[in-house]
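Colleague: The sequence and its predicted three-dimensional model are supplied below.
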Amino acid sequence: MRFRCKADGFDDLIRLSADSETQISPPERPGAYRGEMGDVVRLHPAEATRDSAAEPLWREVVGRQLREERTMRGERILDVAGRAGVSPQYLSELERGRKDASSELLSAVAGALDTTVLDLMRGAAMQLARASVRSSGPVCLAA
């Protein structure tokens, strides 16, 4: 015996079996996912096959530039962070491209490295220009 039940805006199919056990199955939707709970579902399967040489994010390029400047001077993260007034952990996250730095913070770190924000950005822009030559096309990221 089958009944249609409308709850929460979704049509559910309720089946009553002979042993009076109730089963609820989701409605059939075109293109609906029919895997098991816990399966990983790729939202954009085309991305998996696309060339992995996508254009890097600005924060990653700036982070590489910061690390390059610091290592070129032979400085430790701890020393530069102390002079810039930030924690070593935060400076490490900046260098790894995990955090976006504000203009004030970039200015403080640039000053601690005895350089300017302009020089940092120029170096980062050159890195980005080199990377975009090898890029496979535009990339759209969700927020």
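Modeller: On my side now, so go ahead.
Colleague: shaky segments in the chain?
Modeller: Segments of the chain classed as low confidence (criterion: pLDDT under 70) are 1-53, 133-143.
Colleague: can you pull out the strands in it?
Modeller: Taking DSSP state E as the criterion, the chain carries its strands at 2-7, 10-16, 22-25.
Colleague: Quick check: longest helix in this protein by residues?
Modeller: Ranked by residue count under DSSP state H, the longest helix found in the chain is helix 117-134.
Colleague: how about that one: buried residues?
Modeller: Taking 16 or more other Cβ atoms under 10 Å as the basis for neighbour counts, the residues of helix 117-134 that come out buried are 120, 121, 123, 124, 127, 128. Glycine gets a C-beta too; all of them are placed from N, C-alpha and C.
Colleague: Just send the residues you listed back as CSV, with distance to residue 82 too.
Modeller: Output for these, formatted as CSV (distance: Cβ to Cβ, whole Å):
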residue, distance to residue 82
120, 19
121, 23
123, 23
124, 23
127, 27
128, 29
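Colleague: Farthest-apart pair in the residues you listed, please.
Modeller: Spatial extent of those (Cβ to Cβ) is set by the pair 120 and 128 at 12.5 Å.
Colleague: Residue 108 - nearest residue in space that isn't next to it in sequence?
Modeller: If you skip the residues right next to it in sequence, residue 108 has residue 84 as its closest partner in space, 4.3 Å away by Cβ to Cβ, 6 or more residues apart in numbering.
Colleague: And for that neighbour, the neighbour number?
Modeller: For residue 84, the tally of surrounding residues (other Cβ atoms under 10 Å) stands at 20.
Colleague: my guess is it contacts residue 104, does it?
Modeller: No. Counting by Cβ atoms under 8 Å, residue 84 does not reach residue 104; the two are 10.5 Å apart.
Colleague: sorry, back to before: so what's the residue nearest to residue 108 up against?
Modeller: Contacts were defined as Cβ atoms under 8 Å, 6 or more residues apart in numbering; by that measure residue 84 touches 91, 105, 108, 109, 111, 112.
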